[in-house]
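A.B. asks: sequence first, predicted coordinates after that:
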Amino acid sequence: MDQQDELSMELVETADEESEMDSDTETAEPQMPKEVYLPGNVLAEDEELVCDESAYLMLHQASTGAPCLSFDVIPDELGTGRQSFPLTAYMVAGTQASRTHVNNIIVMKMSNMHKTQNDDDDDDDEELEDDQDDVSDREDLKKPQMTCALIKHQGCVNRVRARRIGNTVYAASWSELGRVNIWNLTQPLQAVEDGQLLKQYQQNEERPVFTFGGHQQEGFAVDWSPSADGVLATGDCRRDIHVWSPLEDGTWKVDQRPLAGHSQSVEDLQWSPNERSVLASCSVDRTIRIWDCRAAPQKACMLTCRDAHESDVNVISWNRTEPFIASGGDDGCLHIWDLRQFQTEKPIATFKHHTDHITTVEWSPSEATVLASGGDDDQIALWDLAVEKDTDQVQDPAKNENELSKLPPQLLFIHQGQKEIKELHWHAQMPGVLISTAHSGLNIFRTISV
C-alpha cells in the first residue's frame, strides 16, 4: 500500500453531513426554538447537537487518515486582506502515524472554499429546481478541493513551522527521533498547482536541506524569527534551547551552547514580533522566560515569571502590536501578561473557561485585542479583550441567560466538533479565518463574530 492510500485525504463541506459542530447558537431540534448549548452540559437522551450554520461565514473540514497534530499556514502570494469567496489556503502539516516509517510532511492546497451560507444563490437555485442536472452542476462547482504533496519523514512529526525566506518557503520539523529537519517546499508547492507535476513528484524522494541532531532528547518547541530571515529557535524535552543562524551556503549554524535557565521540558517558543534578538519560552517547570539572544547563553535570560501557571505551561503567543503575551497551561487557565509589568509575576487578566488542558493559543494577526484558545476539552474559544460586561442588559430566564451571564463577557464564540484539539492558527492573509487540527481532523472556518 502506498503512502497516498494510507492517508486517504479528502476535503468536505460540513454542511453536507451530520456534524457535532457547536457554537454559542446551537439548535437541538429543527422545529424547536434555538437553545444555547454550553460545553459540559448534559444532553437528554432525545437531544442531539446540530451545527447552526448561520453562526459561520465559512465552515469546512478535512481528513488526512493519520492524525496531523501539528501544522502551519504557508505564506502565499495571493495577497493580504482576502475576504472574497471562494478562498484558497496553503498549509504544511506533519503526521503521527502508528508506524514510525510511514510518517509524512504534507503540503496542502485547499481551494474553492465557498461561504457556508450563500443567500445570493438561493433564488437562483429555486429557479433551477426543475432542472436537476443544472443544480447538480452548480453544486459540483462549489465543492471545496484539497491537493496534497507528501514528503517522507523519519519518525512522527512533533511540530512543524513554515517560513518564507525570499522566494523560498521552508519548513522546520521536530521528529520524535530527536532530530530537527529543514525542508525546502518549492517542489511540493509546485506539485499541488499542477496535476502532471504531482504525478511525477510522487516518485521523487525529498530530503531535508539541513538536519540538526544535537538535542539530547526529542522536543516540540520551534519558531522562526519574524524579523530576522532564517533565524530559528528549537527547544527540547530535556530543557535546552538552541538558536540557529542561516549561512550563505544555504545551511545553518546552530549554537551548541543551549540557553540556560529552564529546569524541565521546554514546551513552546515565540520570537518577539518587533525585537530581533528577543525570545520567549515556556516550560513544564511552570515558568515563562524572556531571553536576549545577543548575550552569552548563561546570561541570556532577562526576565522570569515563576509559577506562571499551577502546572505545566504548554503554549504562549506574542501579540504582534501590543506588549502582551498569552499563555495556556495544564491547569486550563488562559493568562494575559503585560511585559511592562512582567516583573510583578502577575497576569493582567485570567480566564478559567476551559475545563481541561489548554494546548494551543494564538493572537489574531489583524485584531490586536482578539485571540483564540483550544484544548483537550474539545473546544475552541474566541476572545475579545476589548469587550466589557453590559450591566444594563435585561436577562430572559427562558433563554438560559442565567448560565450565559456566568461566562466571561470577553468570550465571543465557542467552536466544537473536533476531538482532542492540538493546534490552531489564524490565516494572516485572510482576516478572521481560523484553521485547527485535532485527532479527528482539520477544520477551517470563519465565524460571524470575528
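C.D. replies: Structure received.
A.B. asks: from here on, just use CA atoms for contacts and neighbour counts.
C.D. replies: Noted.
A.B. asks: ok, residue 259 - contacts?
C.D. replies: 240, 241, 242, 297, 298, 300, 301 (CA atoms under 8 Å, 6 or more residues apart in numbering).
A.B. asks: quick one: buried ones out of those residues?
C.D. replies: 240, 241, 242, 297, 300, 301 (16 or more other CA atoms under 10 Å).
A.B. asks: quick check: the fourth one touching residue 255?
C.D. replies: So that's residue 297. No: counting by CA atoms under 8 Å, residue 297 does not reach residue 255; the two are 9.3 Å apart.
A.B. asks: about what we covered before: looking at the contacts of residue 259, spot the one nearest residue 182.
C.D. replies: residue 242 (14.7 Å; CA to CA).
A.B. asks: now residue 375, nearest residue through space, not along the chain?
C.D. replies: residue 358 (4.3 Å; CA to CA, 6 or more residues apart in numbering).
A.B. asks: nope, residue 56 is what I was after
C.D. replies: Using CA to CA, 6+ apart, the closest residue to residue 56 is residue 447 (4.2 Å).
A.B. asks: ok, the one you found - contacts?
C.D. replies: Applying CA under 8 Å, 6+ apart to residue 447 gives the contacts 55, 56, 57, 58, 432, 433.
A.B. asks: what segments of this structure are helices?
C.D. replies: With DSSP state H, the ranges of helices along the chain come out as 3-7, 122-127, 132-141, 186-191, 195-201, 401-404.
A.B. asks: mean pLDDT lowest for which of these?
C.D. replies: The minimum mean pLDDT among those belongs to helix 122-127 (a mean of 45).
A.B. asks: so how far is residue 412 from the residue nearest to residue 56?
C.D. replies: 10 Å (CA to CA, to the nearest Å).
A.B. asks: hang on, isn't the residue nearest to residue 375 packed against residue 329?
C.D. replies: Yes: distance between residue 358 and residue 329: 5.3 Å, which falls inside the contact criterion (CA under 8 Å).
A.B. asks: list residues touching both of those two?
C.D. replies: 314, 315.
A.B. asks: flag the shaky bits of this structure, pLDDT-wise.
C.D. replies: For the chain, residues meeting the criterion pLDDT under 70 lie at 1-49, 117-140, 389-405.
A.B. asks: for stretch 220-229, which positions count as buried?
C.D. replies: 220, 221, 222, 223, 224, 225, 226, 228.
A.B. asks: so the residue lying closest to residue 411 once chain neighbours are set aside bridges to which residues?
C.D. replies: Spatial nearest neighbour of residue 411, excluding adjacent residues (CA to CA, 6+ apart): residue 383 at 4.7 Å. Note on residue 383: beta-bridge partners by DSSP bridges are residue 371, residue 411.
A.B. asks: what about residue 383, how many neighbours?
C.D. replies: Counted with other CA atoms under 10 Å, residues neighbouring residue 383 total 24.
A.B. asks: likewise for residue 387?
C.D. replies: 14.
A.B. asks: for it, what are its contacts?
C.D. replies: Counting by CA under 8 Å, 6+ apart, residue 387 has contacts 409, 410.
A.B. asks: measure it to residue 381 for me?
C.D. replies: 15 Å.
A.B. asks: with residue 208 instead?
C.D. replies: 36 Å.
A.B. asks: contacting residues around residue 262?
C.D. replies: So residue 262 contacts 239, 240, 283, 285, 287 (CA under 8 Å, 6+ apart).
A.B. asks: could you work out the most separated pair of the residues you listed?
C.D. replies: It's 240 and 287 that sit farthest apart of those, by CA to CA, at 14.1 Å.
A.B. asks: residue 190 against residue 197, yeah?
C.D. replies: Yes: judged on CA under 8 Å, residue 190 makes contact with residue 197 at a distance of 7.3 Å.
A.B. asks: could you find the closest non-adjacent residue to residue 221?
C.D. replies: residue 268 (4.4 Å).
A.B. asks: count the residues that sit near that neighbour.
C.D. replies: So residue 268, with other CA under 10 Å, has 26 neighbours.
A.B. asks: return the distance of it relative to residue 416.
C.D. replies: 24 Å.
A.B. asks: separation between the residue nearest to residue 221 and residue 427?
C.D. replies: 20 Å.
A.B. asks: do the same with residue 232
C.D. replies: 21 Å.
A.B. asks: before we move on, what about residue 207?
C.D. replies: Taken as CA to CA, the span from residue 207 to residue 427 is 28 Å.
A.B. asks: okay, these two: which has more neighbours?
C.D. replies: Counting neighbours by other CA under 10 Å for residue 207 and for residue 427 shows that residue 427 has the greater number, 24 against 14.
A.B. asks: which residues touch that one?
C.D. replies: With CA under 8 Å, 6+ apart, residue 427 has these contacts: 73, 433, 434, 435.
A.B. asks: burial count for the residue lying closest to residue 357 once chain neighbours are set aside?
C.D. replies: Of all residues not flanking residue 357 in the chain, residue 330 sits nearest, at 4.2 Å (CA to CA, 6+ apart). A total of 22 residues lie near residue 330 under the criterion other CA under 10 Å.
A.B. asks: quick one on the thing from earlier: what is the nearest of the contacts of residue 427 to residue 174?
C.D. replies: Using CA to CA, those come closest to residue 174 at residue 73, 16.5 Å.
A.B. asks: give me the number of residues near that closest one?
C.D. replies: Residue 73: 22 neighbours (other CA under 10 Å).
A.B. asks: distance check, the closest residue in space to it that isn't next to it in sequence against residue 110.
C.D. replies: Leaving aside its sequence neighbours, residue 73 sits nearest to residue 91 (CA to CA, 6+ apart; 4.5 Å). Distance, residue 91 to residue 110, using CA to CA: 8 Å.
A.B. asks: export the contacts of residue 259 to JSON lines and append columns for distance to residue 149.
C.D. replies: Below are the contacts of residue 259 laid out as JSON lines (distance: CA to CA, whole Å):
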{"residue": "240", "distance to residue 149": "33"}
{"residue": "241", "distance to residue 149": "31"}
{"residue": "242", "distance to residue 149": "30"}
{"residue": "297", "distance to residue 149": "39"}
{"residue": "298", "distance to residue 149": "42"}
{"residue": "300", "distance to residue 149": "40"}
{"residue": "301", "distance to residue 149": "40"}
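A.B. asks: show me what contacts residue 220?
C.D. replies: 158, 159, 174, 234, 235, 236, 237, 266, 267, 268.
A.B. asks: repeat for residue 205
C.D. replies: Residue 205 neighbours (CA under 8 Å, 6+ apart): 151, 152.
A.B. asks: how close does it get to residue 195?
C.D. replies: In terms of CA to CA, residue 205 sits 18 Å off from residue 195.
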